[in-house]
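Q: 3D model of this:
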Amino acid sequence: MLLSVFQGRFFVLRCCLLAATAGLVTIGILTIYAIGHPKQVDTNARIQGYKDTGTPPSINNQQSSIVHRPSSINKYSNKWKKQLAFAGVGLIGLVLVNLFHYQRLGSISYLLYGVILAMLAMLLVDKMGLITLPFVHDRLGMHRWIRIGFGFLVQPSEFCKIAYVLALAWYLRFRSNYRTFVGLVGPFALTLLAMVLILLEPDLGTTLLLTPVLFTMLFVAGAKVKHLAIILCIGLAISPILWQFMRPYQRMRISSVLLQNKKIMHAAKNNEKLANILVGDPDKLRTWRRAEGYQLLHAKRAIASGGLAGYGFGKGPYLQNQKYLKLPEADNDLIFAMIGHQFGILGCAAVLLLYILLIACAVELAWLNTDPFGRLVAVGIAASLAVQVLVNVGMVLGMMPITGLTLPLISYGGSSMVANLIAVGLLNNIGRHRPFSVAKKPFEY
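A: Have a look, this model is predicted:
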């Protein structure tokens, strides 16, 4: 069964794909292990050149999905074992998805997408209080998880990324009406169904992820650039209206990217109107460094303090002095900062090179495939992975707001790991099987 993964066409290309995947998963597990098992605890460890902002107070669920606690490393000590188990389940999924021709998934793609949408709808029903569903797990006011027994949780929005790409690729495979402006209504309606349900969880990061995936797949499928540009301009034009409907903590996360600049922070403190636009409440600017801005500032400090080669595996102030130098979600959203903290710029570059190899293999498989469905699925998965990496790394570097998007194949999380390994399995399946149908080459209309 396992050998079936390696059989078929483009053997070398697919081996590169799988090798990059294995490397990223291994780096993730080792980093999670290091967070829970630092070389030695040193409460006197400090970062030279930075002022200690202290450990922030707890933030309520209206401001952040993360509760900061000056806790010890105990809660991280066994996470690497769970992540290893998640990787094992994901490997099984990767193998299983290669036991049949990928086009069989196309015929049931709408059904799969419908099941995921139904799961997302159940989360919304429970959140609104219409019906209390015992299998819905609520964490800090967010309804994102479904209990499946034995203490395990599933996050439907992670699997929605795959189901959405399959459904959209199946919709676009032979159609030509999306070459007209009116013909784009179908793909956008298909996308909005998931976006609305995921946004109401709330999960802004995954919601925004679907938009670039949609535009990329439409472009490769043959949609006119001018139509996509018009829609993009309309979206930018109504963004001030959408800003008014955002929750305060979502607006604060976006504004935090600007508030890192001392001039903007100073201007906001001295201009009440500007402060109201950026954060809604001018008083929040006084506690910004210890509240909403804490993650952003300390993620940058953790990665910057690593220098060229880092402190070494399991070493560094953010690992050895977690009582006073706490980085929330160090094993999840901000794990890239911990990689840079331990292994420096060289370690970060190695991780990015593995991602480039993985995404390049996916794009090459799409280019070589003559089946419109397989090509679009490969492009959709490549776009999804690329956007997640860009956003997550951008968050750590302070260039993008903290949205909750994980670093694929590295961040801690069962649903994310399993979904991403299944996506890699689909890419491998697309490469190893010959298509049932022949299509034009990409960008050839």
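Q: CA only for contacts and neighbour counts going forward, please
A: Will do.
Q: where are the low-confidence patches of this structure?
A: 1, 41-76, 140, 175-177, 322-325, 435-445 (pLDDT under 70).
Q: residue most distant from the centroid, it?
A: residue 270 (36.1 Å; Cα atoms, centre = their mean).
Q: what about that residue, distance to residue 286?
A: According to Cα to Cα, to the nearest Å, residue 270 stands 12 Å off from residue 286.
Q: about what we covered before: how near is the residue farthest from the centre of the chain to residue 282?
A: 10 Å.
Q: now do the SS call for residue 230.
A: Look at residue 230: counting by DSSP: H, G, I helix; E, B strand; the rest coil, its state is helix.
Q: what's the spacing between it and residue 184?
A: 12 Å.
Q: comparing these two, which residue is more hemmed in?
A: Ranked by neighbour count (other Cα atoms under 10 Å), residue 230 and residue 184 place residue 184 first, with 17 against 12.
Q: how close does the nearest residue in space to the more buried one that is not next to it in sequence sit to residue 189?
A: Leaving out its chain neighbours, the residue that sits closest to residue 184 by Cα to Cα, 6 or more residues apart in numbering is residue 178, at 5.0 Å. Taking Cα to Cα as the measure, residue 178 falls 13 Å from residue 189.
Q: give me the more crowded residue out of these two.
A: Set side by side, residue 178 and residue 189 show more neighbours around residue 178, with 19 against 11, by other Cα under 10 Å.
Q: go ahead and confirm that one touches residue 227.
A: No. Residue 178 lies out of contact with residue 227 (Cα atoms under 8 Å); the separation is 9.7 Å.
Q: tell me which residues in the helix ranked longest in the chain are buried?
A: Longest among the helix segments of the chain by residue count, using DSSP state H, is helix 335-368. Using 16 or more other Cα atoms under 10 Å as the test for burial, helix 335-368 gives 335-348, 351-352, 354-355, 357-363, 365-366.
Q: who touches residue 163 in this structure?
A: The contact partners of residue 163, by Cα atoms under 8 Å, 6 or more residues apart in numbering, come to 109, 112, 113, 116.
Q: next, give phi and psi for it.
A: With angles defined as degrees, to the nearest 10, residue 163 sits at phi -60, psi -40.
Q: make residue 1 into 4 and carry on from there
A: All set: I'll call the first residue 4, so the last point we hit is now residue 166.
Q: helices and strands around the strand or helix carrying residue 118, which ones?
A: According to DSSP states H and E, residue 118 maps onto helix 112-131. Packed against helix 112-131 by the contact rule (3 or more Cα pairs under 8 Å, 6 or more residues apart in numbering; DSSP states H and E) you find strand 145-152, helix 159-175, helix 188-202.
Q: so what strands line up beside the helix or strand following that helix?
A: Sequence-wise, the next helix or strand downstream of helix 112-131 (DSSP H and E) is strand 139-142. Strand pairing for strand 139-142, determined by DSSP bridges: strand 145-152 (antiparallel).
Q: reformat the helices and strands packed on helix 112-131 as JSON lines; add distance to residue 421.
A: Shown next, in JSON lines, are the helices and strands packed on helix 112-131 (distance: least, Cα to Cα, whole Å):
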{"stretch": "strand 145-152", "distance to residue 421": "15"}
{"stretch": "helix 159-175", "distance to residue 421": "9"}
{"stretch": "helix 188-202", "distance to residue 421": "19"}
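Q: winner for burial among those?
A: Mean neighbour count (mean count of other Cα atoms under 10 Å) peaks for helix 159-175 among the helices and strands packed on helix 112-131, with a mean of 24.
Q: so what's the gap between it and the chain middle?
A: Helix 159-175 has its C-alpha centroid displaced from the chain centroid by 15 Å (Cα atoms, centre = their mean, to the nearest Å).
Q: go ahead and confirm residue 364 touches residue 22.
A: No. Under the criterion of Cα under 8 Å, residue 364 is not in contact with residue 22, lying 10.9 Å apart.
Q: got JSON lines for the contacts of residue 166, with distance to residue 377 and neighbour count too?
A: Formatted as JSON lines, the contacts of residue 166 follow (distance: Cα to Cα, whole Å; neighbours: other Cα atoms under 10 Å):
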{"residue": "112", "distance to residue 377": "13", "neighbour count": "22"}
{"residue": "115", "distance to residue 377": "17", "neighbour count": "20"}
{"residue": "116", "distance to residue 377": "17", "neighbour count": "23"}
{"residue": "119", "distance to residue 377": "21", "neighbour count": "22"}
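Q: relative to residue 247, which of those residues is nearest.
A: Closest approach between the contacts of residue 166 and residue 247, by Cα to Cα: residue 119, at 29.4 Å.
Q: contacts only, for the closest one.
A: Listed by Cα under 8 Å, 6+ apart, the contact partners of residue 119 are 159, 160, 162, 163, 166.
Q: that one and residue 223, how far apart?
A: 25 Å.
Q: cool, residue 401 as well?
A: 31 Å.
Q: ok, residue 265 next?
A: For residue 265, the distance to residue 223 equals 42 Å [Cα to Cα].
Q: show me which of the two is the more surrounded one.
A: Ranked by neighbour count (other Cα under 10 Å), residue 265 and residue 223 place residue 223 first, with 19 against 10.
Q: relative to helix 188-202, how tilted is the strand or helix carrying the more buried one?
A: Assessed by DSSP H and E, residue 223 sits inside helix 207-224. Relative orientation of helix 207-224 versus helix 188-202 (axes from the mean of the first three to the mean of the last three Cα atoms, to 10 degrees): 160 degrees.
Q: quick one: residue 396 and residue 373, what's the gap?
A: Separation of residue 396 from residue 373 (Cα to Cα): 33 Å.
Q: what are the contacting residues of the helix or strand containing residue 243?
A: Using DSSP H and E, residue 243 sits in helix 242-248. By Cα under 8 Å, 6+ apart, the surrounding residues in contact with helix 242-248 are residue 254.
Q: again, only this time at 10 Å
A: Here helix 242-248 makes contact (Cα atoms under 10 Å, 6 or more residues apart in numbering) with 236, 238, 239, 253, 254, 280, 281, 283.
Q: now for the helix or strand that it is followed by, which elements pack on it?
A: Later in the chain than helix 242-248, the nearest helix or strand by DSSP H and E is helix 251-262. Judged by 3 or more Cα pairs under 10 Å, 6 or more residues apart in numbering; DSSP states H and E, the packing partners of helix 251-262 are helix 242-248, helix 265-273, helix 275-282, helix 297-308.
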